[in-house]
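Visitor: Fold the stuff below for me.
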Amino acid sequence: MPTPPVSPLENAPRPEVARIRGVSKKFTIRKDSSIKERVVTLGRAGRRHKKEFWALRDVDLDIYAGETIGLIGHNGSGKSTLLKVIGGIVDPTSGTVEERGRLAALLELGAGFHPDLTGRENVFLNASVLGLSREETEAQFDDIVAFASIGDFIDTQVKFYSSGMYVRLAFAVAVHTDPDVLLVDEVLAVGDEAFQRKCMDRIRDFQKEGRTIILVTHSLDQVVELCGRAVLLHHGEVLFDGAPPTAVARFRDLLEERRVAERDAADPGAPRPQGSVDSVRAVVVGRDPGEPLHPGDDLEIHLTLSSSHLDKWGCRVQIDDHMGHKMFVTGTDWLKTPVDPMTGSADVSFVLKDPPLAGGKYFINATLIDGHGNDLHNIMQATSFNVEFDPRATGYMRIDVEGSATSGR
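Guide: Here you go, the predicted model:
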């Protein structure tokens, strides 16, 4: 469990706002979907039509005041369930959750809205659900409307709102409840880009005010940018709890393992008589297998190819980031690398000298080509490697930077 963070003002450990001990949550999934089917399957036979699913298993967490924590993991890992347990929306099957302070949950925006009520009426309704008195809501009302950019539509029934107007108003209500702890589940991507920036600015304001934020998002870059701590859930269990860059790297390794397993289980397709890429490896020169690339390191990409016979051939490698953006491409034909006719197998190596890649996970695509540059066989995301995160910068590239500042002029 991470060491309690220290407040820079008091130079003392921050207090706990939530203590989670041994929390497990079981759901029962029914396979009979209609009332008739359930009547038919009553009794002992009905057990075959139910399946138990453990969304959380023995989760222990301490959450401290002023922290911003990212919950990450694949779909079904238990992120949203844990957030609902912390928020008191779902009771755990076993274990305890102790918390203090006012809590606001942005889990399902607009869940408390009534379509036949106006925006104004729904503001008061939803604010009361989130714990504000009428007087508190009246004091915040103008700010809520301004934040949502609803304008003259505030007295229109919300069933006539666009989806963007609907979620903007719901978000505006939630972030004006003056919470001590804010639970956010996949709602920072609502509205257009301008409103998304406004949402992010509001989250950062909460951070400056020392509020606790627990965030669920599939945007891993957002976790690294916003959070000081990340919790990686896997099949309902805490797999890692610590620094966001490390948590994100571990999660991307899990995603890559699953992708490779799915690829290997798929139908390999028709045979390739002209030739094939048989294996691809990426090795950080001078480091143990699996270690990330550090500044100054070289990266060796090794390919094993095969063909019954090819007089003229070549190969290319492409490096993509985790979003599939092309970062770099090279090939034996462009490098003027001499190759002999291939009968059987061949090995090719590319050594990238101190590649200036920013921290994160990268994927390598490999292609065997003929003498005219035509593709004979390619493997997308044949392998991957990690690059150590640089705490001084973010972006696509690693660049050595020196900063200076002057004042008092």
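Visitor: Quick one: low-confidence residue ranges for this structure.
Guide: Scanning the chain with the threshold set as pLDDT under 70 gives 1-13, 30-49, 106-112, 187-191, 260, 263-264, 266-273, 409.
Visitor: State which helix of it is the longest.
Guide: Longest helix in the chain by number of residues (criterion: DSSP state H): helix 244-265.
Visitor: For the very next helix or strand once past it, name the packing helices and strands.
Guide: Beyond helix 244-265 on the C-terminal side, the first helix or strand identified by DSSP states H and E is strand 276-284. On a contact count with 3 or more Cβ pairs under 8 Å, 6 or more residues apart in numbering; DSSP states H and E, strand 276-284 meets strand 299-310, strand 360-370, strand 375-387. The C-beta positions use only the backbone N, C-alpha and C, and glycine is treated the same way.
Visitor: Pull out the buried positions in strand 276-284.
Guide: 276, 277, 280, 282, 283, 284 (16 or more other Cβ atoms under 10 Å).
Visitor: Stretch 226-241 now?
Guide: Quick answer for stretch 226-241 (16+ other Cβ under 10 Å): 226-227, 229-234, 236-241.
Visitor: swap in stretch 301-313?
Guide: Buried-residue list, stretch 301-313, by 16+ other Cβ under 10 Å: 301, 303, 305, 306, 307, 310, 313.
Visitor: Residue 276 is in contact with the fifth one, correct?
Guide: Yes - with contact defined as Cβ atoms under 8 Å, residue 307 reaches residue 276; the gap is 7.4 Å.
Visitor: where do the contact lists of those two overlap?
Guide: residue 368 (Cβ atoms under 8 Å, 6 or more residues apart in numbering).
Visitor: How are the helices of this structure distributed by residue range?
Guide: Under DSSP H, the chain gives helices at 35-40, 79-86, 119-129, 134-148, 163-175, 193-208, 220-226, 244-265.
Visitor: will you turn those into a markdown table that also has distance to residue 214?
Guide: Compiled in a markdown table, the helices of the chain are given as follows (distance: least, Cβ to Cβ, whole Å):
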| stretch | distance to residue 214 |
| --- | --- |
| helix 35-40 | 37 |
| helix 79-86 | 6 |
| helix 119-129 | 19 |
| helix 134-148 | 22 |
| helix 163-175 | 14 |
| helix 193-208 | 12 |
| helix 220-226 | 11 |
| helix 244-265 | 13 |
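Visitor: Show me the one of these that comes nearest residue 334.
Guide: helix 244-265 (27.6 Å; Cβ to Cβ).
Visitor: Taking strand 360-370 as reference, get the angle to that closest one.
Guide: Following axes from the mean of the first three to the mean of the last three Cα atoms, to 10 degrees, one obtains 30 degrees for the angle between helix 244-265 and strand 360-370.
Visitor: all numbers from here: first residue = 44
Guide: Fine by me, first position is 44 from now on; the one you just mentioned is helix 287-308.
Visitor: Helix 287-308 versus strand 418-430: what angle between them?
Guide: 150 degrees.
Visitor: Which elements pack onto helix 287-308?
Guide: Counting by 3+ Cβ pairs under 8 Å, 6+ apart, helix 287-308 packs on strand 111-115, helix 263-269, strand 272-277, strand 280-285, strand 403-413, strand 418-430.
Visitor: can you list contacts of the fourth one?
Guide: It stands for strand 280-285. The contact list for strand 280-285 (Cβ under 8 Å, 6+ apart) reads 44-45, 99-104, 116, 121, 272-276, 289-290, 293, 297.
Visitor: let's see it at 10 Å
Guide: Contacts to strand 280-285, defined as Cβ atoms under 10 Å, 6 or more residues apart in numbering, come from residues 44-45, 63, 67, 97, 99-105, 112, 114-116, 120-121, 125, 272-277, 289-294, 297.
Visitor: ok, now how distant is the residue nearest in space to the middle of the chain from residue 353?
Guide: Nearest to the geometric centre of the chain sits residue 261, at 2.9 Å (Cα atoms, centre = their mean). As for residue 261, its distance to residue 353 is 43 Å (criterion: Cβ to Cβ, to the nearest Å).
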